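Q: here's a sequence, model it:
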Amino acid sequence: MPPKKVTITPGQSNIKAFFQKSTDAKPSTVVITDTPLLETQAAPVDPRVKAFMSSLTPNEQMAHKIAKEKLGTSYDITRTHGFVRWSATT
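A: I've put the predicted structure just below:
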């Protein structure tokens, strides 16, 4: 679906909280898309990480998933103890 263009006059919508308030009286054009920002920033998965994850038990995989959810961007699987030990043996 192509992006929708919406014309909003200053003070017309609640969207203004997300944009800088315009000081001029000209209408602003806003482009609305259905694609979330996170989907467009998906990073490619390292083949070593795929191999490591497939070598884990379901409980260990769940633990890594929870850690990733809780720690967010500060979680790096390549720096975990398990990955470091695994990569030293392979």
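Q: show me what counts as buried in the helix or strand that contains R85.
A: Using DSSP states H and E, R85 sits within helix 81-89. Neighbour counts over helix 81-89 (16 or more other C-beta atoms under 10 Å) mark F83 as buried. To be clear about C-beta, it is placed using only N, CA and C from the backbone, and glycine gets the same treatment.
Q: doesn't N59 belong to a helix?
A: Yes - N59 sits within a helix when classified using DSSP: H, G, I helix; E, B strand; the rest coil.
Q: how about residues contacting the host helix or strand of H64?
A: Taking DSSP H and E as the criterion, H64 maps to helix 58-71. Helix 58-71 is contacted by residues M53, L56, Y75, I77, T80, G82 when judged by C-beta atoms under 8 Å, 6 or more residues apart in numbering.
Q: do that again at 6 Å, thanks
A: Outside helix 58-71, the residues that touch it by C-beta atoms under 6 Å, 6 or more residues apart in numbering are Y75.
Q: which parts of it are buried?
A: In helix 58-71, counting by 16+ other C-beta under 10 Å, buried: H64.
Q: now it against helix 81-89, angle please.
A: With axes from the mean of the first three to the mean of the last three C-alpha atoms, to 10 degrees as the basis, helix 58-71 and helix 81-89 are set at 120 degrees to each other.
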